[in-house]
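Visitor: just need the structure, nothing else, for what follows:
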Amino acid sequence: MTEPDVIVERCVVRVVRRGGWSWGPSPRDLPPGLVRALADLIAARYARLAEDGTDVVVTEPVRLVVPVRADALRGSPDRWRVLAESVVEVSGPVTAVPAVGSRHQESTAQADHSVPRPGHRPAPASENHAGRVLPQPAADLAEQAADLAMPVSGAASRRITESEMGAAKAGSLESTAVPAPVALARLLGAIGAEGRLSELLALLPQETLRRYAQALGPAEEAGSTGPRSTSAPRLDPAAPGSQVAAGSEPSPARLPGPPEDSPATTRHRLIAAAELALTASDEPALAAALAGHYGVPPTGSPTSPRVPASRHGSVEVRSALPFLVAAALERIGVLDRAGDALAGAGLDDEAPIFATALAYQCLGPLARGWRRPDTDHHDAAAFTGRPEDEPEPDLVAFARRAATALPLVDAVLGLAVAAGHEPGRALAVTRVAGDHGGGLLLAEVDGAFPVAWAENVDGLLPCWRAAGEPVTVLVGEPVGSAAVREMCASGVPLLAAFPPTRGERWQRLPGRQRLWASEPAAVPPAGFDPEPIAEALDRQMADAAQRAAVPLDGGRALQRTVTLAAGIGLATIAWQLWRDREPTDGPLAAERFGDLSAVVTHTPDEVRVRLPLGRRHADLDRSGLLADVPGVFWLGGRTLRFSGG
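Guide: Numbers count the residues shown, from 1 in each chain. Have a look, this model is predicted:
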């Protein structure tokens, strides 16, 4: 097998990086450079399949994970050949079928698994993109090492994986039917592989834990251990992000003491599902493992397939902003995970309703505070793939049905932003005005990315820990003395631009700015000014209230979820485009791209968004914000593609 003889029928490339939000001067050069090394990588791994010179066709997906230093990614093209020596994972098994005329009937090779990963879903057999390379930059997750995932010959992986050892995270969303337990286990396994499962579970209220634990299947009898895997790393709930040695039995699905729906029982059932996902080579194996561990899902548990999109043809939309937000969420790796969270609760058939709420949150603002323009209904229908002659979905009714599932979507969004927090920078906490939704908001000082929105401090602490426990600044409206005491008791180093109240032993910091610190370690970042971030967060929440997708009195949980999702997507767009020249936040992107029109074409395989050529299109394309979004969960698994003209 030599380099000219290696033909890759379909290739998906992703480069994942930790630290900050910059890819360097030429991010578009990274995937093509990897493609040049693809033949060497395949040849080095599977040379033994063609030792006798016969032609061999690999019919199953091949997935390679290669950790490499960031400076190597930005090096000269000649340095890509060294990647063949750095492969740490090749997923399989891989079945090699001899080409026509070969004297061999079949040859099989079992791939190595350096690190377990959750299963991914293969693409339908009819899907073929011969000769097309799809560069898809993902979240900025790894600065010193990057994972390069290449599903080959029919694979359609959508999520690049990353852990501290360069392991795979997992999974994908396609148009095939996925049972709710499989979607949930896939999501939990992916987050567990990153070492953030404990933070995820800490963000979920008990009713959410109970709903998802019940989605896995009926609880086992007390004291029963059931089938257990002996090769998964055990996820220890007592130590956030920790794993014990391989070979340990997973935690039992039900403990003998606590009641069936106790916090300990529900947490252990979800942790066990994550452990099973870490050992499964693909989704059929994961489904079998879940069935053996939990039994048949309870009667009435929704496991419906993705809704087939029914809209076709072209239509012009006034604003392409919802499509850009979806692409930005895919860029940081949370779009498909949000789909898994909904599917895990049996809400995948209602995904277009969720997408409608997300679109409304990006469009607007509302007239007179309540009336939505007809153009918004038109644009949202194009975004969700819903025919315009269908009645408007009932968002309030959906918000009630999904109320206990949406905290998982919020947690996925917040942990993704927290994972990209730059060490040495601060977070900010502010109180949201009552007419804007109330509660406490945790956000990034740089870029005003919303991280978590909760009623109390307990809903903010897991994301703060996931961000590395940075200094946190109190800005805007006072959060209240009780919240301040709770944060101090939890070890959060606080800064404030106002003096302490009675009983608070804060220290005045030296300098021209009037800043007080809760402890000596709370040192503000260089050049920090609390006023701009306070104004940015207040402007962001006011703008979100003016675009509210659902009334607060009828769908507060859904409104918070889509506000976080839209806010993160808009902040990502603004940060990617303008961070080097001015302070950025979400409303800045909404203001500058809200009137960017497009022609949207729905076909059975994809949704194409054609943007007008000009400076805005050029800026988006140059920043990688127009990359393809494969397998959009509310579009029946179709790919979202951008073009200009």
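Visitor: for stretch 433-450, buried residues please.
Guide: 436-437, 439-450 (16 or more other Cβ atoms under 10 Å). (C-beta placed from N, C-alpha, C; glycine too.)
Visitor: quote the end-to-end distance of it.
Guide: Stretch 433-450 has an end-to-end distance of 15 Å (Cα to Cα, to the nearest Å).
Visitor: export the buried residues of stretch 433-450 to JSON lines and tack on secondary structure and pLDDT?
Guide: Formatted as JSON lines, those follow (DSSP: H, G, I helix; E, B strand; the rest coil; pLDDT from 0 to 100):
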{"residue": "His436", "secondary structure": "helix", "pLDDT": "92"}
{"residue": "Gly437", "secondary structure": "coil", "pLDDT": "91"}
{"residue": "Gly439", "secondary structure": "coil", "pLDDT": "96"}
{"residue": "Leu440", "secondary structure": "strand", "pLDDT": "97"}
{"residue": "Leu441", "secondary structure": "strand", "pLDDT": "98"}
{"residue": "Leu442", "secondary structure": "strand", "pLDDT": "98"}
{"residue": "Ala443", "secondary structure": "strand", "pLDDT": "98"}
{"residue": "Glu444", "secondary structure": "strand", "pLDDT": "97"}
{"residue": "Val445", "secondary structure": "coil", "pLDDT": "95"}
{"residue": "Asp446", "secondary structure": "coil", "pLDDT": "94"}
{"residue": "Gly447", "secondary structure": "coil", "pLDDT": "95"}
{"residue": "Ala448", "secondary structure": "coil", "pLDDT": "96"}
{"residue": "Phe449", "secondary structure": "coil", "pLDDT": "98"}
{"residue": "Pro450", "secondary structure": "strand", "pLDDT": "98"}
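Visitor: did I read that right, Cys11 in a strand?
Guide: Yes: the assignment for Cys11 by DSSP: H, G, I helix; E, B strand; the rest coil puts it in a strand.
Visitor: could you list everything it pairs with in the sheet?
Guide: Assessed by DSSP bridges, Cys11 has beta-bridge partners Val133, Val152.
Visitor: among the buried residues of stretch 433-450, which pair sits farthest apart?
Guide: Gly437 and Asp446 (23.3 Å; Cβ to Cβ).
Visitor: kindly reformat the buried residues of stretch 433-450 as a markdown table containing distance to Val429.
Guide: Listed next are the buried residues of stretch 433-450 as a markdown table, based on distance: Cβ to Cβ, whole Å:
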| residue | distance to Val429 |
| --- | --- |
| His436 | 15 |
| Gly437 | 15 |
| Gly439 | 11 |
| Leu440 | 6 |
| Leu441 | 7 |
| Leu442 | 6 |
| Ala443 | 8 |
| Glu444 | 11 |
| Val445 | 11 |
| Asp446 | 15 |
| Gly447 | 16 |
| Ala448 | 13 |
| Phe449 | 14 |
| Pro450 | 12 |
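Visitor: shaky segments in the stretch 51-200 of the chain?
Guide: 51-53, 59-61, 63, 65-177 (pLDDT under 70).
Visitor: try it again with 90
Guide: Flagging of the stretch 51-200 of the chain using pLDDT under 90 yields the residue ranges 51-179.
Visitor: likewise the stretch 451-600 of the chain?
Guide: For the stretch 451-600 of the chain, the ranges with pLDDT under 90 are 477, 497-515, 518-530, 550-555.
Visitor: tell me which stretches of it form helices.
Guide: Residue ranges of the helices in the stretch 451-600 of the chain, as given by DSSP state H, counting those that start in this stretch, are 461-466, 481-489, 530-546, 552-578, 586-593.
Visitor: swap in the stretch 251-400 of the chain?
Guide: Using DSSP H, counting those that start in this stretch, helices in the stretch 251-400 of the chain cover 263-279, 283-294, 321-331, 335-344, 351-362, 374-384, 395-401.
Visitor: out of those, which is closest to Pro583?
Guide: Counting by Cβ to Cβ, Pro583 lies closest to helix 321-331 out of the helices of the stretch 251-400 of the chain; the figure is 18.3 Å.
Visitor: what's that closest one packed up against?
Guide: Judged by 3 or more Cβ pairs under 8 Å, 6 or more residues apart in numbering; DSSP states H and E, the packing partners of helix 321-331 are helix 335-344, helix 351-362, helix 374-384, helix 552-578, helix 586-593, strand 639-644.
Visitor: turn those into CSV, including distance to Leu460 and mean neighbour count.
Guide: Formatted as CSV, the helices and strands packed on helix 321-331 follow (distance: least, Cβ to Cβ, whole Å; neighbours: other Cβ atoms under 10 Å):
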stretch, distance to Leu460, mean neighbour count
helix 335-344, 20, 27
helix 351-362, 22, 26
helix 374-384, 31, 21
helix 552-578, 13, 24
helix 586-593, 19, 22
strand 639-644, 32, 19
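Visitor: of all these, which lies closest to Ser481?
Guide: Closest of the helices and strands packed on helix 321-331 to Ser481 is helix 552-578, at 24.5 Å (criterion: Cβ to Cβ).
Visitor: what angle sits between the closest one and helix 321-331?
Guide: 70 degrees (axes from the mean of the first three to the mean of the last three Cα atoms, to 10 degrees).
Visitor: same for helix 552-578, what does it pack against?
Guide: Short answer (3+ Cβ pairs under 8 Å, 6+ apart): helix 552-578 packs on helix 321-331, helix 351-362, helix 395-401, helix 406-419, strand 450-454, helix 530-546, helix 586-593, helix 615-622.
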